[in-house]
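What follows is a predicted protein model with its sequence.
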Amino acid sequence: MGNWFGCCGNAQDDDYWNVTHRKIGSDNPDWMSKLQNPDRLSLAGISIPGTHDTMARTTFFQCAWCQSLSLPDQLLTGIRYLDLRCRYYRNDLLIYHGCCYQDSSLRGCLLEMKTFLRTENSRNECLLVRVKRDDDVHDGNPRLENREFCELFRLILGQVNDEENNLFWLEENIPTLDVARGKIVILRNFDRQPEDEVPLGIPYGTLRIEDNYAQNSYSQRFEYTRNHLLLAQEENNLPDLFLTHSSAVICKMCPPRESARRLNPMLYNFINEQGGRLGIIAMDYPGPGLIKRIIQNNLFS
């Protein structure tokens with residue numbers, strides 16, 4: 001990224017946030033394979049590091065970047081929740097952040113995830129992937145009907161799936177870890193036809209979600225994050241899948257990198273004092289220390 005973000009100062013602590021590269025020795029390619037009681041452990045009971053706007057890192061407008069690491073590098077560092085925003089274009093679903101095309105497609109992202117899950121070290125991992133339909137902004141492309149969008153989505157999954165047809169979890173219930181191993185668990189953030197009886201993933205709206213990103217101060221923003229994480233711990237016996245965002249928009253002049261520089265240390269320090277289920281935490285520019293600390297909030301065999 002160079003020195004484009006002059007407002008970010010010199011506080012480049014890569015324990016908290018990532019700038020341009022994956023830190024040597026920080027990989028966690030197989031951490032899920034070591035969790036206790038996978039046959040009884042619901043995915044809702046795991047503390048899972050994730051990225052918000054996973055692919056927002058390639059547009060010319062760097063103020064719209066939310067990550068610095070490539071998708072394969074994110075997976076190697078231990079990220080297991082991915083956030084993909086799709087828009088229809090010429091019989092394909094491309095990845096966007098707002099109006100900015102991210103030089104990637106849903107098919108391409110899923111293929112990279114498949115490669116990760118089929119490697120020896122990572123075959124017992126699973127990935128939770130939010131697929132959001134994000135084509136409400138008028139850009140001259142025709143907007144597909146729900147039925148057409150679902151058909152295209154199924155077509156892309158079929159093109160990516162393996163010969164055993166075993167890569168995707170498309171049921172609407174939350175599986176246990178042993179059932180989800182080696183799979184991409186789809187969190188469906190788009191509508192499907194009411195009469196369509198074939199599931200297309202866990203409905204995103206059934207998650208317990210915190211995403212109050214627009215606040216007046218970083219401390220105010222973090223209070224929402226903190227309270228939701230505490231709720232996830234207090235309601236540890238419930239089957240709900242919690243998703244907490246740590247991203248923020250404090251002012252139009254502060255890019256996501258600046259918000260991550262401020263908020264990620266707060267998040268790290270808070271998690272360092274906690275124990276128990278946190279659910280999914282979706283972050284901008286998460287550093288290896290922060291990712292590791294979330295992973296360590298689980299019980300290992």
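In hand now; what should we look at?

in the stretch 201-301 of the chain, which spans are helices?
Using DSSP state H, counting those that start in this stretch, the helices found in the stretch 201-301 of the chain span residues 218-234, 256-272, 288-295.

so which of those comes closest to Thr206?
Of all those, helix 218-234 sits nearest to Thr206, with 15.2 Å by C-beta to C-beta. C-beta here means a position set from N, CA and C on the backbone, and glycine is covered the same way.

And that closest one, what does it pack against?
strand 208-210, strand 242-245, helix 256-272 (3 or more C-beta pairs under 8 Å, 6 or more residues apart in numbering; DSSP states H and E).

now those in a markdown table, with distance to Ala44?
Formatted as a markdown table, these follow (distance: least, C-beta to C-beta, whole Å):
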| stretch | distance to Ala44 |
| --- | --- |
| strand 208-210 | 9 |
| strand 242-245 | 7 |
| helix 256-272 | 18 |
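
what sits opposite Arg130 in the beta ladder?
Asp83, Leu187 (DSSP bridges).

if we can go back for a sec, of the helices and strands packed on helix 218-234, which is nearest Thr115?
Nearest of the helices and strands packed on helix 218-234 (C-beta to C-beta): strand 242-245, 25.4 Å.

Which strands and helices lie in contact with that closest one?
Contact partners of strand 242-245 among helices and strands, from 3+ C-beta pairs under 8 Å, 6+ apart: strand 208-210, helix 218-234, strand 280-283.

what about Leu127, distance to Pro29?
From Leu127 across to Pro29, the span is 12 Å (C-beta to C-beta, to the nearest Å).

just Asp162 next, same as before
Remark: distance between Asp162 and Pro29 (C-beta to C-beta) = 20 Å.

who has more neighbours, the two?
Pro29 (16 against 12; other C-beta atoms under 10 Å).

which intervals of the stretch 51-200 of the chain have sub-threshold pLDDT?
Flagging of the stretch 51-200 of the chain using pLDDT under 70 yields the residue ranges 59-63, 136-142.

so where do the helices sit in it?
Under DSSP H, counting those that start in this stretch, the stretch 51-200 of the chain gives helices at 71-77, 106-117, 146-160, 177-180.

residues contacting the residue nearest the centre of the chain?
The centroid of the chain falls nearest to Leu82 when counting by C-alpha atoms, centre = their mean (2.7 Å). By C-beta atoms under 8 Å, 6 or more residues apart in numbering, the contact set of Leu82 is Gly50, Thr51, Thr54, Leu71, Gln74, Cys109, Met113, Leu127, Leu128, Val129, Arg130.

Count the residues that sit near the last one.
Which is Arg130. There are 24 residues near Arg130, going by other C-beta under 10 Å.

And for the second one?
Taking other C-beta under 10 Å as the neighbour definition, Thr51 ends up with a count of 27.

Against Ile95, how distant is it?
Applying C-beta to C-beta, the value for Thr51 to Ile95 is 13 Å.
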